[in-house]
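Q: here is a sequence with its predicted model. Questions after.
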Amino acid sequence: MNRISVWILLTLLFTGSACGPDQATQLLEIAQFEERQSNRVHAKELYEDIVNRYPDSPAAQTARARLTKLAEP
């Protein structure tokens, strides 16, 4: 994981450790960032985490769509 990713993750862990829809949105933003950085493995893990922890959230809908897209060859 590159330094920027580490700093973003650490910042979010220390400032936004509350549960709820905001957490789902934050995880989605991190997953999208990881995907833009060509870190598909980590992005996929984060998308799966969103779907498992916040299945009814709007972020989960987006995460499901991205997981489907990432599964394509």
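A: Ah, there it is.

Q: for Pro58, grab the count of nearby residues.
A: 12 (other Cβ atoms under 10 Å). Any C-beta I mention is one placed from the backbone N, CA and C, and that applies to glycine too.

Q: that should have said Ile50, apologies.
A: 27.

Q: give the contact list for it.
A: Going by Cβ atoms under 8 Å, 6 or more residues apart in numbering, Ile50 touches Ala24, Leu27, Leu28, Ala31, Ser57, Ala59, Ala60, Ala63.

Q: right, and the pair among these with maximum separation?
A: The span of these, defined through Cβ to Cβ, is set by Ala31 and Ser57 at 13.1 Å.

Q: who's more crowded, those two?
A: Between Ala31 and Ser57, counted using other Cβ under 10 Å, the more crowded position is Ala31 (25 against 20).

Q: and the helix or strand hosting that one, C-alpha only, in CSV?
A: Following DSSP states H and E, one finds Ala31 within helix 21-36. Provided in CSV are the C-alpha atoms of helix 21-36 (Å, rounded to 0.1, in the frame of the first residue of the first chain):
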residue,chain,number,x,y,z
PRO,A,21,-24.0,5.4,6.9
ASP,A,22,-21.2,7.9,7.1
GLN,A,23,-18.7,5.1,7.8
ALA,A,24,-20.0,3.3,4.7
THR,A,25,-19.5,6.4,2.6
GLN,A,26,-16.0,6.9,3.9
LEU,A,27,-15.1,3.2,3.1
LEU,A,28,-16.6,3.7,-0.3
GLU,A,29,-14.4,6.7,-0.9
ILE,A,30,-11.3,4.8,0.2
ALA,A,31,-12.3,1.9,-2.1
GLN,A,32,-12.8,4.2,-5.0
PHE,A,33,-9.4,5.8,-4.3
GLU,A,34,-7.7,2.4,-4.2
GLU,A,35,-9.3,1.4,-7.4
ARG,A,36,-8.1,4.7,-9.1
